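**Q** return atomic coordinates for the entry below.
(one chain, ligands or ions: 1)
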Amino acid sequence: MNPPEVLTPERIDERVSAAVDALRSRPQISNVFLTACGGSFALMMPLQHVLQSSTVLEAHALNAREFTTRAPKSLGPNSLVVLCSHSGDTPETVEAARFAREQGALTIALTHELESPLALASEFVIGYQHGDAKRYAYTSAPILYRIIHALVDRATSSSTLAPATDAVAALDGIVEGLLAAHYDRADAWAKAHARSGLIYTLGSGPNYGSAYSFAICLLQEMLWVHSQGINSAEYFHGPFEITDFDVPFIDLLGLGVSRPIDERTHAFLVTKSDDVLTLDAAEWDLALVPEALRPSFAHLVFTPLLRLYAERLADHRGHPLSVRRYMWRMEY
Ligand SMILES: N[C@@H]1[C@@H](O)[C@H](O)[C@@H](COP(=O)(O)O)O[C@@H]1O
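**A** The predicted structure is shown next:
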């Protein structure tokens, strides 16, 4: 059997350049809507963080159905709408692209399926790599990261796209090194949690999306484990009351301005739960990533690292990540 066809880096880079040129030449961009569903929506959360913390652009990360239902009054020809759908046929995301174009917004969509309804509905379409033959640098999240830095540069007259692109080029080495280093730990954690019915995930700032997608996509959707992705900044405002010695948590510790949020939560958590898996970005070798970018870059590492833990969990539970009860199997 032939290996599945993978889009080449050159082809992806061409599409990224076309989208970057389009957002550079747009006469005005005053707001940005980052919209998708599920795991693809989670990819938008760190982008909103980058835009809000470094530009005066109004930036909104919204589920695609929320986006079309709210029909933001500020959406129009001065808007950029960034969409993502792996399949390219999630109806809510396709409808969001159509709606955005009707309002005159510039639409840039990422999808793995270049002939899909989303690709046809969007003005600029960028494909990405996926599956065993992928390079992490050419998967969806790092491509979005590059595009958002082009927008930061436009909005602030800075030059972050080149260092962000260089940082992304280092992603494969960073992720592969960490996957090898974490394999035994992930396997032991997964074996210990082969019967766990519930696992919470915690993260904040640009890493909240990684915690959220791990909870809703990997644990709930794919492994049928009860979960919630809790923003560490919200932990003391309700969720900490369920903490107990035998309640499992995965706690993501990020970098930069969000780290004190994570550290405060972590310090409390480990005194009350004996079952905390801590993944700490401060332990990684990020020498090839400029220091200023490391806080927002970390999510590009957390997501594939968490996937290793899910894959080991799937193996120990005898529950492949591909199994669904309802999704894609019936009308809903
Ligand atoms: N884990 C995700 C889900 O969260 C999402 O609802 C669905 C549609 O996603 P997409 O629009 O990216 O194809 O598929 C994936 O399995």
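
**Q** give me the element Ala18 is part of.
**A** Ala18 belongs to helix 9-25 when assigned by DSSP states H and E.

**Q** for whichever helix or strand comes after that helix, which helices and strands make contact with it?
**A** Next along the chain after helix 9-25, taking DSSP H and E as the criterion, comes strand 31-36. Strand 31-36 sits against helix 44-54, strand 58-63, helix 64-70, strand 79-85, helix 91-102, with contacts defined as 3 or more CB pairs under 8 Å, 6 or more residues apart in numbering; DSSP states H and E. All C-beta spots, glycine's among them, are computed from the backbone N, C-alpha and C.

**Q** what's the pLDDT at the closest residue to Asp262 other than its chain neighbours?
**A** Leaving aside its chain neighbours, Asp262 sits nearest to Leu253 (4.6 Å; criterion: CB to CB, 6 or more residues apart in numbering). pLDDT for Leu253: 98.

**Q** contacts for the helix holding Ala18 next, please.
**A** By CB atoms under 8 Å, 6 or more residues apart in numbering, the surrounding residues in contact with helix 9-25 are 29, 80, 106, 108, 123-129, 135, 137-138, 143, 146-147, 150-151, 154, 161.

**Q** what angle separates it from strand 31-36?
**A** Per axes from the mean of the first three to the mean of the last three CA atoms, to 10 degrees, the angle that helix 9-25 makes with strand 31-36 is 150 degrees.

**Q** I'd like the mean pLDDT over helix 9-25, please.
**A** The pLDDT scores in helix 9-25 average 97.

**Q** can you dump the C-alpha atoms of it in PDB for me?
**A** Extracted in PDB, the C-alpha atoms of helix 9-25 (Å, rounded to 0.1, in the frame of the first residue of the first chain):
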ATOM      1  CA  PRO A   9       6.600  22.000   3.100                       C
ATOM      2  CA  GLU A  10       7.200  24.000   0.000                       C
ATOM      3  CA  ARG A  11       3.500  23.800  -1.000                       C
ATOM      4  CA  ILE A  12       2.400  24.700   2.500                       C
ATOM      5  CA  ASP A  13       4.800  27.600   2.600                       C
ATOM      6  CA  GLU A  14       3.500  28.900  -0.700                       C
ATOM      7  CA  ARG A  15       0.000  29.000   0.700                       C
ATOM      8  CA  VAL A  16       1.100  30.600   4.000                       C
ATOM      9  CA  SER A  17       2.900  33.300   1.900                       C
ATOM     10  CA  ALA A  18      -0.200  33.900  -0.100                       C
ATOM     11  CA  ALA A  19      -2.300  34.300   3.100                       C
ATOM     12  CA  VAL A  20       0.300  36.500   4.700                       C
ATOM     13  CA  ASP A  21       0.400  38.700   1.600                       C
ATOM     14  CA  ALA A  22      -3.400  39.000   1.700                       C
ATOM     15  CA  LEU A  23      -3.400  40.100   5.300                       C
ATOM     16  CA  ARG A  24      -0.600  42.600   4.700                       C
ATOM     17  CA  SER A  25      -2.300  44.200   1.700                       C
END
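
**Q** mind listing the strands for the stretch 101-250 of the chain?
**A** For the stretch 101-250 of the chain, the strands defined by DSSP state E, counting those that start in this stretch cover 106-111, 124-126, 200-203, 229-231, 249-253.

**Q** mean confidence for stretch 300-311?
**A** Stretch 300-311 shows a mean pLDDT of 98.

**Q** hmm, who's touching it?
**A** Residues outside stretch 300-311 that contact it (CB under 8 Å, 6+ apart) are 136, 141-142, 145, 168, 171, 174-175, 178-179, 182-183, 186, 189-190, 203, 207, 210, 213-214, 218-219, 222-223, 250, 252, 277, 279, 281, 284, 321.

**Q** okay, that stretch in PDB with CA atoms only?
**A** Below are the C-alpha coordinates for stretch 300-311, written out as PDB (Å, rounded to 0.1, in the frame of the first residue of the first chain):
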ATOM      1  CA  LEU A 300       3.000  23.800  20.300                       C
ATOM      2  CA  VAL A 301       4.900  21.300  22.500                       C
ATOM      3  CA  PHE A 302       2.300  20.600  25.200                       C
ATOM      4  CA  THR A 303      -0.300  19.400  22.700                       C
ATOM      5  CA  PRO A 304       1.800  16.600  21.100                       C
ATOM      6  CA  LEU A 305       3.400  15.700  24.400                       C
ATOM      7  CA  LEU A 306      -0.100  15.300  25.900                       C
ATOM      8  CA  ARG A 307      -1.000  13.100  22.900                       C
ATOM      9  CA  LEU A 308       1.700  10.700  24.000                       C
ATOM     10  CA  TYR A 309       0.000  10.300  27.400                       C
ATOM     11  CA  ALA A 310      -3.300   9.700  25.600                       C
ATOM     12  CA  GLU A 311      -1.800   7.100  23.300                       C
END
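
**Q** is any residue of that stretch near the ligand?
**A** No - Stretch 300-311 lies out of reach of the ligand by CB under 6 Å from any ligand atom, never closer than 11.3 Å.

**Q** can you name the residue of the stretch 201-332 of the chain nearest to the ligand?
**A** Minimum separation of the stretch 201-332 of the chain from the ligand (CB to the nearest ligand atom) falls at Cys217, amounting to 3.7 Å.
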